[in-house]
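**Q** Sequence unavailable; structure follows:
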């Protein structure tokens, strides 16, 4: 374990390069670019309150949400870093209306990968010093190499992801990622700027006693979700379960990944299609969760098998400990059956 603890992320990527289906060194360069941007954003997040980086910028993103200064800053840093390194052929961000096509120095479009990202998840929490994060997803392009990227390159189901991860800016800065061969976590040593393997082979327990949901919206939830929450609160067997909700997808899912639990973000009367973005948030978190032995669903279908139809598509999202997710699906199915019989 001591040798594992001393292993840097760079060393780990090189050692595991053969695990990547299209191993040519490009994944290493791409992940290192993401790490570089993460260090810059981490530094700025840790200075929040000391520099003029808090508050709204007075604009909204494509979802109609107020943009924070850190949202814009993180978005610019990640995009610029990836563009400068000339590693990807296209980028899609939660903060941008459309995808970005990237052309190489040779004026060609020869790179093979596209990146989709939520540059600063949970940014509304930054002003109260609560953990936030970055979520990213990597796909191999579908369009012919040498041509500009198309919308088809980004509207791929989650099962096509070649890598996904998140960076958590909390009491320490961590990156947790997968290339389809398990999940590993690395913690930043800010003194020297290197990430070290701190959480090898992360696994999500099948059973747990924690549920994470904004119960303030309870009256607007579908009946199956209401029934599941009541089940969690019953004094029976090993229940009631403990409610833990931070309000930052990265933070809540990270806690449940380590300690076990279920994260719920259902549809509501106000948001009948759900609120979380399928491409930027749900697909990468589902990929990570499944690789750690957990499960992710929209309540009826596996998240990773959903076929996206638009860049900023939303979906209900439930993920975490496999048996807890299955129990939730049972309640939703029972509620659907009752509704059908009416």
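**A** Here it is on my side, so go on. Since the model is a prediction, treat every value here as computed from it, not as a measurement. Residues are numbered from 1 along each chain as shown.
**Q** so what's residue 117 bridging to?
**A** residue 93, residue 136 (DSSP bridges).
**Q** Okay, it and residue 293: tell me how far apart.
**A** 25 Å (Cβ to Cβ, to the nearest Å). To be clear about C-beta, it is placed using only N, CA and C from the backbone, and glycine gets the same treatment.
**Q** So these two - more neighbours on which side?
**A** Shown here are residue 117 and residue 293; by other Cβ atoms under 10 Å, residue 117 has more neighbours (29 against 16).
**Q** hang on, that one packs against residue 91?
**A** Yes - using Cβ atoms under 8 Å, residue 117 is in contact with residue 91, at 7.3 Å.
**Q** From residue 339, how far out is residue 267?
**A** In this view, residue 267 and residue 339 are 14 Å apart by Cβ to Cβ.
**Q** Just the local confidence number for the residue lying closest to residue 321 once chain neighbours are set aside, please.
**A** Spatial nearest neighbour of residue 321, excluding adjacent residues (Cβ to Cβ, 6 or more residues apart in numbering): residue 208 at 4.5 Å. pLDDT recorded at residue 208 is 97.
**Q** the helices in the chain, which residues?
**A** For the chain, helices defined by DSSP state H occupy the ranges 2-5, 9-15, 26-46, 69-85, 151-154, 223-233, 249-259, 283-291, 322-341.
**Q** Contact partners for residue 165?
**A** Contacts for residue 165 (Cβ atoms under 8 Å, 6 or more residues apart in numbering) come out as 34, 135, 136, 175, 176, 177, 178, 284, 288.
**Q** you'd agree residue 217 is up against residue 268?
**A** Yes - the pair residue 217 and residue 268 qualifies as a contact (Cβ under 8 Å) at a distance of 5.5 Å.
**Q** quick one: which of those two has more around it?
**A** Set residue 217 next to residue 268 and count neighbours by other Cβ under 10 Å: residue 268 wins out with 19 against 16.
**Q** Okay, residue 183 and residue 212: tell me how far apart.
**A** Where residue 212 is concerned, residue 183 sits at a distance of 19 Å (Cβ to Cβ).
**Q** same thing with residue 134?
**A** Distance from residue 134 to residue 212, by Cβ to Cβ: 20 Å.
**Q** Then residue 93?
**A** Distance of residue 93 to residue 212, given as Cβ to Cβ: 25 Å.
**Q** Could you give the number of residues near residue 321?
**A** 27.
**Q** typed the wrong thing, it's residue 197
**A** A count of nearby residues for residue 197, using other Cβ under 10 Å, gives 19.
**Q** Isn't it up against residue 12?
**A** Yes - counting by Cβ under 8 Å, residue 197 does reach residue 12; the two are 5.8 Å apart.
**Q** mind listing the strands for the stretch 101-250 of the chain?
**A** 113-121, 132-140, 161-169, 173-178, 184-189, 194-199, 210-212, 242-243 (DSSP state E, counting those that start in this stretch).
**Q** Need the contact partners of the last one.
**A** Translated: strand 242-243. 209, 210, 211, 212, 213, 215, 232.
**Q** What part of this protein, helix or strand, is modelled with the least confidence?
**A** helix 2-5 (a mean of 48; mean pLDDT, DSSP states H and E).
**Q** Pairing partners for the closest residue to residue 302 other than its chain neighbours in the sheet, please.
**A** Setting aside the residues directly before and after it, residue 302 is nearest to residue 296 in space (Cβ to Cβ, 6+ apart), at 7.2 Å. Counting by DSSP bridges, residue 296 is bridged to residue 319.
**Q** what separates residue 296 from residue 339, distance-wise?
**A** Distance, residue 296 to residue 339, by Cβ to Cβ: 24 Å.
**Q** Which one's more surrounded, the two?
**A** For residue 296 and residue 339, the more surrounded residue by other Cβ under 10 Å is residue 296, and the numbers stand at 24 against 11.
**Q** Quick one: residues contacting the more buried one.
**A** Residues in contact with residue 296 (Cβ under 8 Å, 6+ apart) are 282, 285, 286, 289, 290, 302, 303, 304, 317, 318, 319, 325.
**Q** hmm, try it at 7 Å
**A** By Cβ atoms under 7 Å, 6 or more residues apart in numbering, the contact list for residue 296 reads 285, 286, 289, 290, 303, 319.
**Q** roughly how far is stretch 121-140 from the heart of the chain?
**A** 8 Å (Cα atoms, centre = their mean, to the nearest Å).
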